[in-house]
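Undergrad: Kindly generate the corresponding structure for this input.
(6 chains)
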Protein chains: 6
Amino acid sequence: MGIGKVETGITGLDTMLRGGFPEGRMILITGGPGTGKTIFCSQFLHYGATKGGEKTVYISLDETKNHFVEEMLTFGWDFKELEQGRRFTFINASDVRRIPAQAFQPSQVGQLPVSGKELARARLIDNIFKTFEGGRSIDKFIGDIGAQRVVLDSMSGLTFRFPKAWEKRQVILDIMEALNEIGATCLVTSEAISIGEARQVQPEEYLSQGVIHLQTLGTGERAVRILKMRGTEVDSVPRPYKIGETGIEVYPDQNIYQT
Amino acid sequence: MGIGKVETGITGLDTMLRGGFPEGRMILITGGPGTGKTIFCSQFLHYGATKGGEKTVYISLDETKNHFVEEMLTFGWDFKELEQGRRFTFINASDVRRIPAQAFQPSQVGQLPVSGKELARARLIDNIFKTFEGGRSIDKFIGDIGAQRVVLDSMSGLTFRFPKAWEKRQVILDIMEALNEIGATCLVTSEAISIGEARQVQPEEYLSQGVIHLQTLGTGERAVRILKMRGTEVDSVPRPYKIGETGIEVYPDQNIYQT
Amino acid sequence: MGIGKVETGITGLDTMLRGGFPEGRMILITGGPGTGKTIFCSQFLHYGATKGGEKTVYISLDETKNHFVEEMLTFGWDFKELEQGRRFTFINASDVRRIPAQAFQPSQVGQLPVSGKELARARLIDNIFKTFEGGRSIDKFIGDIGAQRVVLDSMSGLTFRFPKAWEKRQVILDIMEALNEIGATCLVTSEAISIGEARQVQPEEYLSQGVIHLQTLGTGERAVRILKMRGTEVDSVPRPYKIGETGIEVYPDQNIYQT
Amino acid sequence: MGIGKVETGITGLDTMLRGGFPEGRMILITGGPGTGKTIFCSQFLHYGATKGGEKTVYISLDETKNHFVEEMLTFGWDFKELEQGRRFTFINASDVRRIPAQAFQPSQVGQLPVSGKELARARLIDNIFKTFEGGRSIDKFIGDIGAQRVVLDSMSGLTFRFPKAWEKRQVILDIMEALNEIGATCLVTSEAISIGEARQVQPEEYLSQGVIHLQTLGTGERAVRILKMRGTEVDSVPRPYKIGETGIEVYPDQNIYQT
Amino acid sequence: MGIGKVETGITGLDTMLRGGFPEGRMILITGGPGTGKTIFCSQFLHYGATKGGEKTVYISLDETKNHFVEEMLTFGWDFKELEQGRRFTFINASDVRRIPAQAFQPSQVGQLPVSGKELARARLIDNIFKTFEGGRSIDKFIGDIGAQRVVLDSMSGLTFRFPKAWEKRQVILDIMEALNEIGATCLVTSEAISIGEARQVQPEEYLSQGVIHLQTLGTGERAVRILKMRGTEVDSVPRPYKIGETGIEVYPDQNIYQT
Amino acid sequence: MGIGKVETGITGLDTMLRGGFPEGRMILITGGPGTGKTIFCSQFLHYGATKGGEKTVYISLDETKNHFVEEMLTFGWDFKELEQGRRFTFINASDVRRIPAQAFQPSQVGQLPVSGKELARARLIDNIFKTFEGGRSIDKFIGDIGAQRVVLDSMSGLTFRFPKAWEKRQVILDIMEALNEIGATCLVTSEAISIGEARQVQPEEYLSQGVIHLQTLGTGERAVRILKMRGTEVDSVPRPYKIGETGIEVYPDQNIYQT
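TA: Coordinates of the predicted model:
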């Protein structure tokens, strides 16, 4: 029980998590389109920045800053203000999606000599982010500002360039290692490829230290489920949640499936 | 609450949307064959052009102008008249489907140097549309006429030339970026590949700011569902709709699945 | 409601179609083996030729003329007689299935310069049919005889040579464009690849202006469903049909699924 | 009703077929392992040879003559005797399965000039069979002996060498054309690839003039279904059958699915 | 009824088989992991060796001799003793799994001249086994000792090196032909690839003369089903079985599915 | 019954196993994300080290030592202390995941000459581990310390680099052979690729001497099932389990599926 807990800021979820996310770990938020992955992550950041005065970072692959700020205001979360108060940083990494093909060649990623040092340098994510931050890598940048909560939305925006399963897994490992070294509690979103009972498991679910699954059922009802959470006992039963005027609310005492 | 709303013109749908589509965003209309995607979009355009006197544009990949005008007249919508009143423009982009293979080579799309400016120019959609508009790109053209409602029907007519998943995603990003810069509220249709409960999610559903799903059930009944809508609270329950003599009508107080 | 209607000749179906097929459009008849696609199309031709004295054409990819004539006689339809009266033409295009591989090379199909005129000439179907009609293309031939009803049975017999999805879609577009220019009301059959509730949608369903789905259920019962019909309101509920001594009969007042 | 009927010799099946198979056509017998495809075909041959004194031929891809004769004796069918009476010929074509790869090259199959004559000569099946019959092709051989009933068991033993879907379809066409020219009523067996309700349709089902589907249900019960039969009205309801001491028996008045 | 029967030694199974396996044929034992395929085969061998004093051979691809002997002792079957009494031979063929890639080249398997003799020599299995038996092929070896019962466990351990479906089928044919020439009654195990109602059929099920399917249901219950058995009437209903202290016991009078 | 048993340390599981795991064998622990595979294995090691004073080894592919120790402390298992008492060794093999592509070339793995000795040396796993242990292979290392319980977590972290099915199987064989030679009772975890009733079987399930399947159901309940266990009779019924404050607890008298 030596692992600290980080309050999520999402009503009812901390009950399911027996206090919150394990501190300093990387948690995957996975789900179909429109399940509220971005809202989930923003609520986590906003809570930390306002209640705890923490430094927070949102790395965006798919949204512009303007759209993000505007949309989160509809929940009453003013990220512009937090940014001015130096408690929030928005990193627009969407250009990564247009990186030319050469950057993804094996010469830079997989065919390096094997000593420990060189392996460290081989991290793709590191290389990519460097390109846009003029010599300073994103993880170094985040370390410099001392961020305690970091969101990467979405990992799929990075991994889609790697169609081969083994390359994708390698990239996911690179992303996770880079984020683990930061020391912050990190949420990473991931797009579900198939939807339904007999779904395919995606490799990032195995490689993450925790997995939260958001789901919209055929009836329009929503269910959150903690698929995995290393280092803490949790409630593994799927519970209903709603996206309302003040964000996501989880009902940890209610059931989706009747018994 | 900072995002304006655009009335859809589809009876009952604005109730589900709490007022209408978020202004200036790109909404995906997805569904199987015969679910009324084209009728949905035309009704949206016709409403804006007649009720609000707005400028509207329909970019067609699969239909001729004659067929389109003739079919919409069956709902009492006279697009010929709107065109003459300069409130409607029909862009026949179906030749894009026959663009020769060279135009799709990586030299033009993915292997450019990485500075911001050049990335902008690399947009495929831009290039393609230029070919047919003699030097003036479609997005520039739409901007010039000050369109407030734009429909692209269908995106699948553009993306089918890119069989590899990562290329397809790149092209979808290009299309969306081009449309976002126009400033108009845009509807883009997309063909569902598989049908049923355990369906595959298509990448455009994640990349769009909103997703409306139209469905014909095994019984012949029809159901509309708002899968996703960034920047506004919505009704996520699937609701019945009908295609009648005056277009699509949604019944926001009725249920498809009995409780 | 400016679109004319063409009576199908299939008892009960015109009720579902609110009068008949939209005139001059291309309708896809899709279904599993033994669902009666060929009977459906022949009944449509026979009705036009006998009741309306129309010119009709049957383009066959899989059947010989002898087999066709013999089989249709079992329903009391004498196509030999119609042929002698110049109201029916049988085009045996089955040799297309044996066209050598070179004819399918990109040099002839996809890599042409992009001006409108050359695009028109690039139509594969045109080229193919020319090969067998000594310089005169099939669509020109059909135009010359002034056909009002045309059947192509089956499109799958043409498209199977193109295993790549994007090529297949290109060919389907070529076929449809060629048929649309004829001006006749055209039925094109298509073989369903998978059967069942969670089926794959085939691209021709999106590209056709109408889709009729014929189905034999597990119990041996048969159901017809209008999946799509541009330009006319229709009954989208699946209805039972039978293949009897005088052809196909649809029961537009009965249900397949009990309510 | 100008098409003659051929009695099947399978008790009860002729009732479903309204008299028998259409004369001179090619019927596909498809089903999973152990559903009795070989017994079905042998019973058809044995009936013709004994009741009608017809000439019959069995082309075997997977079984030796010894095994075949021995197994059919368990049903009381003495094919040795029929062979001695010149009413039965066993052609062991199993060596076709070991034909070297060169024989399957496009130079012999698909890249021939397109005139009608040469197309005819391009038939693969013809070429293959010639190899083993010293200059005389199998179809010519069958024509010479004047066979009225021919079985090819199984087509899958020929087509498995062609993994590409379009090649497989080409080969199936070749097989069917060769058999159609013989003039005999032909049964061809085919191995079902997938089993269950949502099955994949195999191309040979579309290309055959009739399809009989044999199935063993999860309970061990057996069901026969006429999926397709050109040129005759049939009972499309699945009916139970048994494999007993005297072969296959169909119960045309019983149902598999209760109503 | 000229085919002799071989008692299986598995209580209750002979009732389903109407006496036993057809003599001298090759029977496939297929099933998921842990369904008892190896126990089934060992029980068959042990019964023959102890009750009938027959010569038996176990060709192992995945297990060492020590593990095999030790595990079978838990059922009270002493194969060490049988070996000393020259009624049992264990052939460890597991090295076949490590055969270098060259041995699998087409030059040795598929591209040989086509005369009958050379075809015979082309048998891969023959070649492979020769490598390890110093000039004497396994089938010759088995013939020399006059084995009446032979087990090959598992075929999947041989065929996995051939990822292409048509190569795999060729190899299965080679294995079967080699075993058929031995004259012994042979059991060959095969790993099921998919599990459930809508399963894929594997090619070896069609090529074998008999198929026994072992299955563990979701409840932990076990069911045996005779999918196919050439040359004898059988009970095709799935029946329960148990793996107990003395091996496998089948209950031929009980049902899995209630009626 | 000559095979010794090893107590698992997991309450209730030994009842299902009739005493424990068969000694010296390799057992696969497979399941979806968050089913507790790592907890299962750690509990097995901790029990052996504390109750029996055994030497134990944990080979980690995906977790750092710090994370592992910290997480297991939440169950009250102090692996730091065990390490200091020389009863536990943590081997961080995660760098294996970054091995450059050349190491996986056929020249090192599959194209070696075939004599027994060289086959032994060809073992990939051996080679890989050597790279990181400076000349001493991991299996030799484990042998030297006399480990009685060994965990490899997870095999998927090794095999993902081999996308081709036959290569993956070869690697799994190499891993198993290396572990079998150690003489210890080994647990190897494996990530389930698909989840649900109609799942794909993974090759490691066939190649392992035992398979334990851990599953989280849709309701959040958990079920453990012994799919396979060579050399001992077991309870094959799925039984519920919980992950509580002191690790995994199995309820061998309760049912998941009601009867």
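
Undergrad: For the rest of this, base every contact and every neighbour count on C-alpha atoms.
TA: OK.

Undergrad: Can you give me the distance of the spatially most central residue of chain A to chain B?
TA: When Cα atoms, centre = their mean is applied to chain A, the residue found nearest the centroid is A:V188 (1.5 Å). With the distance defined as Cα to the nearest Cα, to the nearest Å, A:V188 ends up 15 Å from chain B.

Undergrad: Which secondary structure element is home to that residue?
TA: strand A:185-191 (DSSP states H and E).

Undergrad: swap in A:D144?
TA: Assigned by DSSP H and E, A:D144 falls in helix A:138-145.

Undergrad: Now do that helix: which elements does it pack against?
TA: Under the contact definition 3 or more Cα pairs under 8 Å, 6 or more residues apart in numbering or on different chains; DSSP states H and E, helix A:138-145 sits against helix A:124-132, helix A:165-182.

Undergrad: which of the ones you listed has the lowest average pLDDT?
TA: Among these, helix A:124-132 carries the lowest mean pLDDT, at a mean of 53.

Undergrad: Any part of the following helix or strand past the helix holding A:D144 near chain B?
TA: Remark: after helix A:138-145, the chain's next helix or strand is strand A:149-153, criterion DSSP H and E. No - for strand A:149-153, no contact with chain B is found by Cα under 8 Å from any Cα of the partner chain; the gap never falls below 11.4 Å.

Undergrad: now for strand A:149-153, which elements pack on it?
TA: Looks like strand A:149-153 contacts helix A:37-51, strand A:56-60, strand A:185-191 (3+ Cα pairs under 8 Å, 6+ apart).

Undergrad: List the neighbours of the shortest one that are in contact with it.
TA: Right, the one you point to is strand A:56-60. Strand A:56-60 has contacts (Cα atoms under 8 Å, 6 or more residues apart in numbering or on different chains) with A:45, A:48-49, A:87-94, A:142, A:147-154.

Undergrad: Pull out the buried positions in the helix or strand that it is followed by.
TA: Scanning forward in sequence from strand A:56-60 by DSSP H and E, the next helix or strand is helix A:65-73. Residues of helix A:65-73 classed as buried under the neighbour-count rule (16 or more other Cα atoms under 10 Å in any protein chain shown) are A:65, A:68-73.

Undergrad: what's helix A:65-73 packed up against?
TA: Partner elements for helix A:65-73 (3+ Cα pairs under 8 Å, 6+ apart): helix A:79-84.

Undergrad: could you point out which element follows the helix it packs on?
TA: In N-to-C order, the element after helix A:79-84 by DSSP H and E is strand A:88-92.

Undergrad: and that following strand, which strands flank it?
TA: strand A:56-60 (parallel) (DSSP bridges).

Undergrad: average model confidence for the strand it pairs with?
TA: Rounded mean pLDDT across strand A:56-60 is 93.

Undergrad: buried sites along that strand?
TA: Of the residues in strand A:56-60, those buried (16+ other Cα under 10 Å) are A:56-60.

Undergrad: Of those, just say which sits nearest to chain E.
TA: A:S60 (40.0 Å; Cα to the nearest Cα).

Undergrad: So what sits opposite that closest one in the bridge?
TA: Bridge pairing for A:S60 - DSSP bridges - gives A:N92, A:D153.

Undergrad: how much space is there between it and chain F?
TA: When A:S60 is compared with chain F (using Cα to the nearest Cα), they lie 26 Å apart.

Undergrad: What of A:L217?
TA: Applying Cα to the nearest Cα to A:L217 and chain F gives a distance of 13 Å.

Undergrad: ok so, going back, give me the contact status of the strand holding A:V188 with chain F.
TA: No - using Cα under 8 Å from any Cα, strand A:185-191 never reaches chain F; the gap is at least 14.0 Å.

Undergrad: Next SSE downstream of that strand?
TA: Downstream of strand A:185-191 (by DSSP H and E), the next one is helix A:203-207.

Undergrad: which bits of the stretch 151-259 of chain A sit near chain F?
TA: So far as Cα under 8 Å from any Cα goes, the stretch 151-259 of chain A lies against chain F at A:165-166, A:169-170, A:197-202, A:205-207, A:211, A:227-233, A:236-238, A:257.

Undergrad: For ChimeraX, what selects the buried ones among the contacts of strand A:56-60?
TA: Those of these that count as buried under 16+ other Cα under 10 Å are selected in ChimeraX with:
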select /A:45,48,49,87,88,89,90,92,93,94,142,147,148,149,150,151,152,153,154
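
Undergrad: Around chain D, which positions in chain A sit nearby?
TA: Counting by Cα under 8 Å from any Cα, no residue of chain A sits close to chain D.

Undergrad: where does chain A have low pLDDT?
TA: A:1-2, A:96-139, A:195-199, A:257-259 (pLDDT under 70).

Undergrad: Write down the beta-bridge partners of the residue nearest to A:R25 when sequence neighbours are not counted, one by one.
TA: Take A:R25 and drop its neighbours on the chain: the residue closest to it by Cα to Cα, 6 or more residues apart in numbering or on different chains is A:T185, 5.2 Å away. A:T185 forms beta bridges with A:R149, as assigned by DSSP bridges.
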